[in-house]
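1. Turn this into a structure:
(chains A and B)
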Amino acid sequence: AQSVAQPEDQVNVAEGNPLTVKCTYSVSGNPYLFWYVQYPNRGLQFLLKYITGDNLVKGSYGFEAEFNKSQTSFHLKKPSALVSDSALYFCAVGNTGKLIFGQGTTLQVKP
Amino acid sequence: GAGVSQTPSNKVTEKGKYVELRCDPISGHTALYWYRQSLGQGPEFLIYFQGTGAADDSGLPNDRFFAVRPEGSVSTLKIQRTERGDSAVYLCASSPTGLAGGRETQYFGPGTRLLVL
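-> So this is what the prediction gives:
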């Protein structure tokens, strides 16, 4: 069965510091991996995805993610965090049409 | 439209009642998806449509849940005999074709927050 794990319920980082939000996956076959962000009382916004090719994927709002096949990971990163990045982040794997989501990680960026 | 829209944004109902939740996908998108997000959880897949037909309804929790998309555009999620455990945010998403085996980006609406008293 396909699954995604986000091992951290919450990540705290100071504004201006780099951030990492972790995601590991378990899939059979080629992984199609996604990151979404959810602001309070809002739907999910797409950030980036990995389908094939370059292991470093760049997305919206300065976010990027690194696909690591040997570690089955797809961690979300940003070189310099903003207070406005504070939100709930979801990693997901695409599987024959549907997305399977992790439990989510709350990112708190403090000024 | 510019994005996926969902109505109502909030719905409060009593246990045992029937509710309908509506989703209007991005214009031209063939695939439409429904997810349910309980408090503190990630979204869970319910059903997805390609055109008018349900391509995968494996996530519907029981036969009280049903969804339709009669003209291949707007979809309605119907819940009969609602229970308190049905309280959640119901999210709708769409994608261009739904035929890419999970590679397509899904674009989400703002959700309908359902509260069953």
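2. For the lowest-mean-pLDDT helix or strand in chain B, which residues meet the burial criterion?
-> The helix or strand of chain B with the poorest confidence is strand B:53-56; it has a mean of 93 (mean pLDDT, DSSP states H and E). Residues B:54-56 are the ones in strand B:53-56 that count as buried (16 or more other CB atoms under 10 Å in any protein chain shown). C-betas here are computed from N, CA, C, even on glycine.
3. CA atoms only for it, dumped as PDB, please.
-> Output of strand B:53-56 as PDB, limited to C-alpha atoms (Å, rounded to 0.1, in the frame of the first residue of the first chain):
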ATOM      1  CA  GLY B  53     -18.500   8.500 -14.400                       C
ATOM      2  CA  ALA B  54     -17.000   7.600 -11.000                       C
ATOM      3  CA  ALA B  55     -13.600   6.200 -11.800                       C
ATOM      4  CA  ASP B  56     -12.800   5.300  -8.200                       C
END
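4. Give me the distance from that strand to the chain's centre.
-> Centroid separation for strand B:53-56 versus its chain: 13 Å, with CA atoms, centre = their mean, to the nearest Å.
5. who touches it?
-> Strand B:53-56 is contacted by residues A:96-98, B:31, B:47-49, B:67, B:69, B:98 when judged by CB atoms under 8 Å, 6 or more residues apart in numbering or on different chains.
6. That strand: what's the following helix or strand?
-> Moving toward the C-terminus from strand B:53-56, the next helix or strand (DSSP states H and E) is strand B:65-68.
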